[in-house]
Each structure stands twice: as structure tokens, then as C-alpha cells.
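Q: Sequence and predicted structure below; questions after.
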Amino acid sequence: MNRTLYALLSLGALITLPVTKTVADTPTRPKTPSPAQGEKPKRKPITVDLELSQKALDMDTLKKSNMGYMPTGIELVEEKPIAITKEPPYRGKPKYGAFVLGSGPKRATYFAIDEVKGEKGRIYIDVNQNGDLSDDGAGNWDEVKEVDGVTWNESRATLHASWGTGVKEKEAGSYTLFFYRRQGDMRLNWTKVTARSGKVELGGKTYSILLAENESDAIFTVSKMTDRTRRPVQFLIDIDGDGTFKGVQETVGGKKLYTSENYFIDKAIQIGGEWWDLAPNISGSELTFSPTVAPGDVAPQIAAREEKELLPVGAVAPDFVAQTPKGAPIRLSGFKGKVVLIDFWATWCGPCIASMPGLQKIYNQVKDKDVVVFSVNVFDEKEPFDGWIEKNSGKVYNFTFAFDPAGRDQKKSIAASKYNVSGIPTMYIVGRDGKIKSVIVGSGNEKKIAEALGKLGVSAKTE
């Protein structure tokens, strides 16, 4: 997909991976000794109140913090929901769906998409939740753009989020979503723009923090490492007070060190030398820090990790073994003598998915020229990979897909352990001699890919 679609999606072109196991402390910050392994901390739990911040995860914040987004969405249906009692005059056959935000009785906001071939589509959203789709505006999309001959629609809307039981609403608030769709598709995709924000005092220092759920359904239930039915909740902490969550970079003893400010809270994390378990309530309005000890798989004191450079041009591309969608082993060395574009991606990575139409366009031009697009799913789970492959491989995309059996284990990951990848999408172009010819980071880089292939004697057009 080209730069136009990157602008269309309006959210980050690269996802820098959150730390999933430990929180590093900067090497220059004084540390409070953690309790010995198994020793009960003497500290008391701390609970902080968090407010809904409507634009906390808007484009500017994501870019400044080197963050991306995790899209979700639904398949549209042609049967009208019974909750819709009045509709505008349609030009075509409407398709229906609902945004579901929270756990309370008013969690569903219904919508209808109306379109006919050759005309701009419309989306009618029952923002006031009265069952009437005709009294919430004209139904125009915020943006309608043509990308590679395909019409894309996008909008933002602030909707009602409801928390409570099925019959009683205990808490409510406004929640902003960014949503987009390729015209004609039976699917609408979206991601949240809203997050919970606040401050916490730990170790005598006050930090600005954000809490973000990654299902874009306004439910902040924490899924632990053993439960992957939901994407884990993210905790962002501005350690250095620069107003972003891009992390702290320092050079100590000639080494480049990096401290993340972006974490999944499915395991205990360390802040200022003290270990905490983080648990939000379902709405995210309260976040409790419970003192704990260091997990058994790490030392009590965690230093900032060394930031490794991506492999340089001219280096021999490390061989690796991944799995085909059917579970068979597939090796990089199996493509010896061919040009290989290694694409590291994940199903939850919006910029990664946004890159694939552009990859397919290039692949269509070079697949008969001994060029392979080897798209390796990393930092991910097998179940979502299988589901994505079923819908897309051989239907939308026909290049080579593979799964990294290390799953979410970043230490064992092919991308991280062999290629020093910390953010996706990242692409390596390997020449026929097995050496790295180009490294490309982020989405919307079809022109760079074409230029790199051109230097290897393979022509491809991006216009």
C-alpha cells in the first residue's frame, strides 16, 4: 500500500513492541532495592483514578511515541437489527453492524452503511442510541479517497461507553473511535483513539500515565500470559517527563541503552526499582498498584537493555526455520539463489496489514523473476495467524506466509534474536548471494522496495 493509504489510515507506520515481561529502569536513576525472591513487600497498594482522555492516542501522540495501533472490526450483515426502529432513505441495500463499548446495558451503538456503485457511500450511526438512524447527521464519511483504484472511507466518532450489568449502568463515558473501510467490503475496521489518563506517585516521583485496552471495546480486563482470549492491556508511563512515551535512550559506557515507557501489564512490572502488579477495574477508571516481588524468571534488579542495531547491509542473512500455514518447516535457505524480501509482521499490527496490498502489487510484477516475498508472522499467536491466513492467503495475497513458532516470546523470536527487530513492519531484502542488500522499516515504503529491487536488476513500478 502506498503513502496515500498511510495518510488515509492516519495512524503510525511502525509499531515498537511493548515490553512483555519486565520494566527496565534507567541506569542513572537511583534504585530502591526490591524484596528478595519470595519475600513479601512491606509497601501498601496504591489506587489511582484515571480519566477518559478522548484524543490520548491520536495520530500525533502515536507518532511522537513511536507507537502504532491494533485494529479490530466486525463482519457486516444485511439483516436489520431489531434495535433500529427508523431509517433514512437508502440508495442501495444497507449493511448493518454495531460498535460495542463496555459491559453495560447501553454498550451497543448501531450503524448502517449505504452505498451504490459509482457513488460515495454513507454511514449512519445511531450516536444518541434512540433507534433512529435518520436524526444523527447526513451520514457522510469524514474522508473518501482513491488508492490504487480502490475507494477507502474513514471517519471518527465519539460514542457512548457503558459499564455495569446487562440491566443496570453503573458507569458511563464518551469513547472516540477511528474507523475505516474499503468500499464494497463486508467488514468495517476500527481502533480506539481514547485511553485512560492520570498520574501516579511511586518512589517519591510523580509520573504521567496512560492505560489503553487493545480490543477497542472499552473493556480494560487484564488478560494474563496464560490467557490470550483478549489482547493485553497497555500501560504507558512518561519516565523522563518529556510528554511522550517513546522511551528513554542514553549512552552509558559507550553502549546505547534503551528503557521502554510502554508495557503490557499481563505480568508484574518494575518502576523505580520496586515491583508492582497492575490491575484496572473493567472501565479503567481505577488502576491499583499492588506491591509484589520480582518474577521468578528475572533478577530482582533490572537494568536498561542495550539497544541493538538492525543488521547492516552486506551482512549474511541468518538462516532460520519457520512454519508454513499447514505446519511444515520452511527455511530461508530454501530460497537460495533467489532475491528474498523478508517481511516481519503480526496480525495485531495495523501498519503491517496496511503494507500488504503494496507488497502484493510489487510481487505481481516480480514473482516470475526469481523474487520471493517471505512474510513471517512474529510476536504473535498461532490462532489469530491461522484465522488471518484462512481469510487472506490465496484469496487476497498469494506470496509466501510463515509463522514463527516462538510466538510472543521476544527472546526466542526469529525477528528479535536473529535480526535485532524491535518494531514492525520491518523488511530485509536478501540478494541471490544470501547477503542483506536493504533494510526497510515501517509501512508505506513501496518506492523504497522498488528502488532496492531495481539495484538487484529487478524492475517494479509503484505508480
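A: Structure's in. What do you need?
Q: tell me the strands in the stretch 201-350 of the chain, going along the chain?
A: Under the criterion DSSP state E, counting those that start in this stretch, the stretch 201-350 of the chain carries strands at the ranges 205-212, 234-237, 248-252, 255-259, 262-264, 269-271, 274-280, 286-291, 305-306, 321-323, 329-331, 339-345.
Q: Can you tell me which of those is most buried?
A: Mean neighbour count (mean count of other Cβ atoms under 10 Å) peaks for strand 339-345 among the strands of the stretch 201-350 of the chain, with a mean of 25. To be clear about C-beta, it is placed using only N, CA and C from the backbone, and glycine gets the same treatment.
Q: on that earlier part again, closest to residue 386 out of the strands of the stretch 201-350 of the chain?
A: With Cβ to Cβ as the measure, strand 321-323 is the member of the strands of the stretch 201-350 of the chain nearest residue 386 (10.8 Å).
Q: Listing request: residues of the stretch 51-200 of the chain with sub-threshold pLDDT.
A: Low-confidence segments of the stretch 51-200 of the chain (pLDDT under 70): 147-149.
Q: can you give me the helices for it?
A: 59-64 (DSSP state H, counting those that start in this stretch).
Q: Can you tell me which of the strands of the stretch 201-350 of the chain has the worst average pLDDT?
A: Mean pLDDT values for the strands of the stretch 201-350 of the chain show the minimum at strand 305-306, a mean of 58.
Q: would JSON lines of the strands of the stretch 201-350 of the chain with distance to residue 424 be doable?
A: Output for those, formatted as JSON lines (distance: least, Cβ to Cβ, whole Å):
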{"stretch": "strand 205-212", "distance to residue 424": "18"}
{"stretch": "strand 234-237", "distance to residue 424": "16"}
{"stretch": "strand 248-252", "distance to residue 424": "19"}
{"stretch": "strand 255-259", "distance to residue 424": "17"}
{"stretch": "strand 262-264", "distance to residue 424": "14"}
{"stretch": "strand 269-271", "distance to residue 424": "22"}
{"stretch": "strand 274-280", "distance to residue 424": "25"}
{"stretch": "strand 286-291", "distance to residue 424": "28"}
{"stretch": "strand 305-306", "distance to residue 424": "18"}
{"stretch": "strand 321-323", "distance to residue 424": "15"}
{"stretch": "strand 329-331", "distance to residue 424": "19"}
{"stretch": "strand 339-345", "distance to residue 424": "5"}
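Q: gap between the biggest helix by length in the chain and the chain center?
A: Secondary structure of the chain per DSSP state H: the longest helix is helix 350-366. Between the centre of helix 350-366 and the centre of its chain there are 18 Å (Cα atoms, centre = their mean, to the nearest Å).
Q: What distance do you get for the most centrally placed residue in the chain to residue 232?
A: Residue closest to the average C-alpha location in the chain (Cα atoms, centre = their mean): residue 70, at 3.0 Å. Counting by Cβ to Cβ, to the nearest Å, the separation of residue 70 from residue 232 is 10 Å.
Q: care to break the protein down by domain?
A: 15-70+195-306, 77-185, 309-454 (automatic domain parsing).
Q: what angle separates the longest helix of the chain from strand 339-345?
A: 160 degrees (axes from the mean of the first three to the mean of the last three Cα atoms, to 10 degrees).
Q: so what strands line up beside the following helix or strand past helix 350-366?
A: Sequence-wise, the next helix or strand downstream of helix 350-366 (DSSP states H and E) is strand 371-377. When pairing is defined by DSSP bridges, strand 371-377 lines up against strand 339-345 (parallel), strand 400-403 (parallel).
Q: how far is the shortest one from where the chain is centred?
A: Relative to the mean C-alpha coordinate of its chain, strand 400-403 is positioned 19 Å out (Cα atoms, centre = their mean).
Q: What of stretch 380-387?
A: 15 Å.
Q: which residues are in contact with that stretch?
A: Contacts of stretch 380-387 with the rest of the structure, by Cβ atoms under 8 Å, 6 or more residues apart in numbering, involve 228, 325, 346, 347, 348, 377, 403, 404, 407, 408.
Q: Cross those against helices and list the overlap.
A: Using DSSP H, none of those sit in helices.
Q: ok so, going back, between the strands paired with strand 371-377, which gets nearest to residue 459?
A: strand 339-345 (12.1 Å).
Q: Can you show me the CA trace of that closest one as CSV?
A: This file holds the C-alpha atoms of strand 339-345, laid out as CSV (Å, rounded to 0.1, in the frame of the first residue of the first chain):
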residue,chain,number,x,y,z
VAL,A,339,16.0,-12.5,-4.2
VAL,A,340,14.0,-12.7,-0.9
LEU,A,341,12.1,-9.9,0.7
ILE,A,342,11.6,-10.9,4.3
ASP,A,343,8.6,-9.1,5.8
PHE,A,344,8.3,-9.3,9.6
TRP,A,345,4.6,-8.7,10.6
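Q: For that strand, which outside residues touch it?
A: 317, 332, 352-353, 355-356, 359, 366, 369-378, 414-415, 419, 421, 424-432, 449, 453, 456, 458.
Q: Please tell me which one of the contacts of stretch 380-387 counts the most neighbours.
A: residue 377 (30 neighbours; other Cβ atoms under 10 Å).
Q: Would you agree that residue is in contact with residue 405?
A: No. With contact defined as Cβ atoms under 8 Å, residue 377 does not reach residue 405; the gap is 10.3 Å.
Q: quick one: which of the strands of the stretch 201-350 of the chain is nearest residue 138?
A: Going by Cβ to Cβ, the one of the strands of the stretch 201-350 of the chain nearest residue 138 is strand 205-212, 31.6 Å.
Q: How about residues contacting that closest one?
A: 48, 50, 53, 56-57, 192, 195-201, 220, 233-239, 241, 243, 245, 271-272, 280, 284, 287.
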